[in-house]
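Asker: Could you look at this predicted model? Sequence included:
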Amino acid sequence: TLVNDGDITVDGTNNLEATDDVSLTANTRTGADATGAVNLTGNLTGGAAAGTVTLTADKAITGEGLVTADSVDLVAATGIWATNPTVGEYTALDTETANLSAEVTDSASVHSIVLANSGAVTFDAVNENGAITLENTGGNLTVEGTTGVLAKGDGNNVSLSTVTSGDIILTGETKAPLDTVTLTSAGKITGEGLVTAGTVDLVAASGIWGTEDTGTTPNTYTAVNTATDNLSALTTTGGDVYLNNTGADVIVDTTGTDGTTDYTSTAGSFTLVNDGDITVDGTNNLEATDDVSLTANTRTGADTTGSIILNGDVTGDVAAGTVSLIAEKSITGEGLVKAGAVELVAGTGIWATEDTTTDPNAYTGVNTETDNLSALTTTSGDVYLSNTGDVTVDTTGTDASDTPYGATAGSYNLVNQGDITIEGTNNLEATDDVSLTANTRTGADTTGSIILNGDVTGDVSAGTVLLAAAKTISGTETVTADTVDLIAGT
């Protein structure tokens, strides 16, 4: 134990080593205001089994020496890092510990915490005004459950990563309320600790979820909890993404980097439940090699939220994947939804654009590219769809509460480039008009028929069912409405 009125420098030749704890405290000396730093020119070692190294500095803790012990506690006023070769750029102070705590106490100016650790570690850190960075090599990085990780101040990020191997485990909260939290894992990102930031970027090799129950078939997962307005998440080699976010309007995509390679899709399924609107990013889009599920709920105290806005494309596996979009309010936007199956359930309407200058309002269809299309509204509002591909359609689905529906609560309008087949078990039913148009798809000259394997039902008191086919209208099932109009080419 050493308390010094002035700087403390650990000798670079002989080092400092104890079989138990080490405590160094550097105070600013009266009349020497620049003093009070700890300089790690050499290595500092405490007991590896149960020892604690505690470094406390009125100024900064810096240097290229290695700090080793079972626990390492670092408290400095003006920053923790190894070197500062360029203004605003730092190299990492090296530690080798199972329990790492770091704190920077001065809030008047911006200071950084930059650390690199080896081996499995539990980490907590608070920076009163600055960024926090930890790169952990060869083991799990666990965010400690009580203090967590908090970077205060505008423009200050949190960056946590594992390299070579190791999961990031979110036991506690990770916060950069005014900027970005970036989590990059050589393994998985798991845990139920909340991640809060203006932007949250999650990149993991093999999965992103809260908890995993291996006692079910298939395994069941809870979600990583986030609170952000900008959310990017993906896996790079395999594994699914499960997210639960709170945000008035979260913009989502599946782009990111693991530090060496840039990615534009996730290597598994992508599931997001948001308390608020979900907007698919118009530049980066959202793409998965398996299923995609987006659920937008109305947030308490924000009654107009709960819509999905397709500013960008949503893509699942085109051979066997399903894209499921469930919105408590509407599903709108001009982005393309593409997968083997597309399921759309909205409370108050499904359309791409709305022109309110006409009477009645004019709508364009949500763009889909799928072979199996289910779409409906649960409360009110019309459905407008524009699909490419020979497609089987129905109006069945479930909402976020797993309530089943068999009809859409308004009109149903589909223009398809290719054949339209009414699904034979679930049928197509609307409380208002139904309009189906099957056009011959470019390069597929025999397409453009409507096949009635199931029933088509509109409002029987005042509704119209219009079936228009470039080729034939055929099938053994029933078309029911007050008025039925059938137009076919052949």
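Answerer: Perfect, I can see it now.
Asker: Can you verify my assumption that Ile308 contacts Ile331?
Answerer: Yes. At 4.7 Å, Ile308 counts as touching Ile331 under the criterion of C-beta atoms under 8 Å. For glycine as for every other residue, the C-beta is placed from the backbone atoms N, C-alpha and C.
Asker: Now for those two: what residues contact both?
Answerer: 325, 346 (C-beta atoms under 8 Å, 6 or more residues apart in numbering).
Asker: Hmm, Val72 and Thr52 touching each other?
Answerer: Yes. Taking C-beta under 8 Å as the definition, Thr52 is a contact partner of Val72 at 7.4 Å.
Asker: ok, those two, which is more surrounded?
Answerer: Val72 (27 against 18; other C-beta atoms under 10 Å).
Asker: so where's the stretch 51-200 of the chain uncertain?
Answerer: For the stretch 51-200 of the chain, no stretch is flagged by pLDDT under 70.
Asker: repeat that for 90
Answerer: 85-88 (pLDDT under 90).
Asker: What ranges does it have for its helices?
Answerer: With DSSP state H, counting those that start in this stretch as the criterion, the stretch 51-200 of the chain has no helices.
Asker: what bits of the stretch 351-490 of the chain have low per-residue confidence?
Answerer: In the stretch 351-490 of the chain, no residues with pLDDT under 90.
Asker: how about the helices of it, start to end?
Answerer: Using DSSP H, counting those that start in this stretch, no helices are assigned anywhere in the stretch 351-490 of the chain.
Asker: Need the residues that contact stretch 1-18.
Answerer: 21-30, 32, 35-47, 51, 57, 59, 63, 65.
Asker: out of the residues you listed, which are inside strands?
Answerer: Using DSSP state E, the subset of the contacts of stretch 1-18 located in strands is 22-27, 38-40, 44-45, 57.
Asker: follow-up on the earlier one: can you flag the buried ones in the contacts of stretch 1-18?
Answerer: By neighbour count, with 16 or more other C-beta atoms under 10 Å, those hold 21-22, 24-28, 35-40, 42-47, 51, 57, 59, 63, 65 as buried.
Asker: Without its sequence neighbours, what residue ends up closest to Gly489?
Answerer: In space, and not counting its chain neighbours, Gly489 is closest to Ala470: 4.9 Å by C-beta to C-beta, 6 or more residues apart in numbering.
Asker: for Ala92, same thing?
Answerer: Ala116 (3.7 Å).
Asker: can you check Leu376 too?
Answerer: By the measure of C-beta to C-beta, 6+ apart, the closest residue to Leu376 outside its immediate chain neighbours is Thr408, 3.8 Å from it.
Asker: Pairing-wise in the sheet, spell out the partners of the one you found.
Answerer: Ala430 (DSSP bridges).
Asker: Surely it and Gly397 touch.
Answerer: No. Thr408 is not in contact with Gly397 according to C-beta under 8 Å; the separation is 9.1 Å.
Asker: And these two? Which one has more around it.
Answerer: When neighbours are counted by other C-beta under 10 Å, Thr408 and Gly397 differ, and Thr408 comes out ahead with 29 against 22.
Asker: Show me what counts as buried in stretch 62-80.
Answerer: Buried residues in stretch 62-80 (16+ other C-beta under 10 Å): 62-80.
Asker: Show me these that map onto strands.
Answerer: Under the assignment DSSP E, those contribute 62, 67-68, 71-76 to strands.
Asker: which two in these are spaced the farthest apart?
Answerer: Largest separation among these by C-beta to C-beta: Thr62 and Ser71, giving 20.4 Å.
Asker: Tell me who's in contact with the residue nearest to Leu376.
Answerer: Counting by C-beta under 8 Å, 6+ apart, Thr408 has contacts 375-377, 383, 395, 429-431.
Asker: where's the residue lying closest to Thr298 once chain neighbours are set aside relative to Val252, distance?
Answerer: Spatial nearest neighbour of Thr298, chain neighbours left out: Gly306 (3.7 Å); criterion: C-beta to C-beta, 6+ apart. Distance check for Gly306 against Val252: by C-beta to C-beta, to the nearest Å, it reads 15 Å.
Asker: dump the residue contacts of the residue nearest to Thr298.
Answerer: Contacts of Gly306 by C-beta under 8 Å, 6+ apart are 276-277, 296-299, 327-329, 347.
Asker: Drop anything exposed from these.
Answerer: Neighbour-count burial (16+ other C-beta under 10 Å) applied to these gives 276-277, 296-299, 327-329, 347.
Asker: Arrange these in a markdown table, one row each, with distance to Ala102 as further columns.
Answerer: What follows is these, written out as a markdown table (distance: C-beta to C-beta, whole Å):
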| residue | distance to Ala102 |
| --- | --- |
| Gly276 | 33 |
| Asp277 | 37 |
| Ala296 | 38 |
| Asn297 | 37 |
| Thr298 | 40 |
| Arg299 | 35 |
| Ala327 | 42 |
| Glu328 | 42 |
| Lys329 | 44 |
| Gly347 | 47 |
